[in-house]
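Trainee: Quick one, structure for this:
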Amino acid sequence: MTSDAEVSAEDRVLLYLMNFGSQDEAYECDSGLTQKGIAVNVRIQRKHISRHLDKLVENGLLEEGARRVKGAKQKMRCYWLTPNGLARAREVQERVSGIAVKVKINGETRSMRIADIDGATSVHLRLSDIVCEAMETEGALDMEVLEKIEEKNRRMM
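Mentor: The predicted structure is shown next:
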């Protein structure tokens, strides 16, 4: 990604959390909504994620609460978007969707809008995963690597 298209850590968190509904009334939440799950999926070191999450909570973009986590023995702190957070996440989504990046598909490199990459894969990719990969990759994104992101994230959890 070009430097003018950088996406802040907080914006990556908002994009990622768009994949989950409100947890206001939920008894149990997905492990992806914990600090560890968010850190892994937005590629922020776990020791730094609480600072970003606290800032988002303070700004009214996230809510937090203790919930049972699927597969865990005890309750953990989970995070989810507020209505203001969802509105901000949609703004970020609109801004990054039109960014063009180089993508290598079957040995051929071409330019694609971030919003179009998911449709060109054989798996479903989250926009937040594509953005994180584009920020970490120098040169062209590799479609084979993109299609294995979900598996990589599961292993890291």
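Trainee: and whichever strand or helix holds residue 37, what does it pack onto?
Mentor: Assigned by DSSP states H and E, residue 37 belongs to helix 35-42. Identification of packing neighbours for helix 35-42 by 3 or more Cβ pairs under 8 Å, 6 or more residues apart in numbering; DSSP states H and E yields helix 9-17, helix 46-58, strand 75-81, helix 127-136, helix 149-156. Just so you know, the C-beta spots here come from the backbone N, C-alpha and C atoms, and that holds for glycine as well.
Trainee: what angle sits between the last one and helix 127-136?
Mentor: The directions of helix 149-156 and helix 127-136 differ by 90 degrees, with axes from the mean of the first three to the mean of the last three Cα atoms, to 10 degrees as the criterion.
Trainee: so how far is helix 149-156 off the chain centroid?
Mentor: Offset of helix 149-156 from its chain centre (Cα atoms, centre = their mean, to the nearest Å): 13 Å.
Trainee: Name the residues that touch that helix?
Mentor: Helix 149-156 is contacted by residues 40, 41, 123, 125, 129, 133 when judged by Cβ atoms under 8 Å, 6 or more residues apart in numbering.
Trainee: Among the residues you listed, name the buried ones.
Mentor: 40, 41, 125, 129, 133 (16 or more other Cβ atoms under 10 Å).
Trainee: Could you provide these in a markdown table, with additional columns for pLDDT and distance to residue 93?
Mentor: What follows is those, written out as a markdown table (pLDDT from 0 to 100; distance: Cβ to Cβ, whole Å):
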| residue | pLDDT | distance to residue 93 |
| --- | --- | --- |
| 40 | 93 | 21 |
| 41 | 93 | 16 |
| 125 | 87 | 14 |
| 129 | 90 | 13 |
| 133 | 89 | 16 |
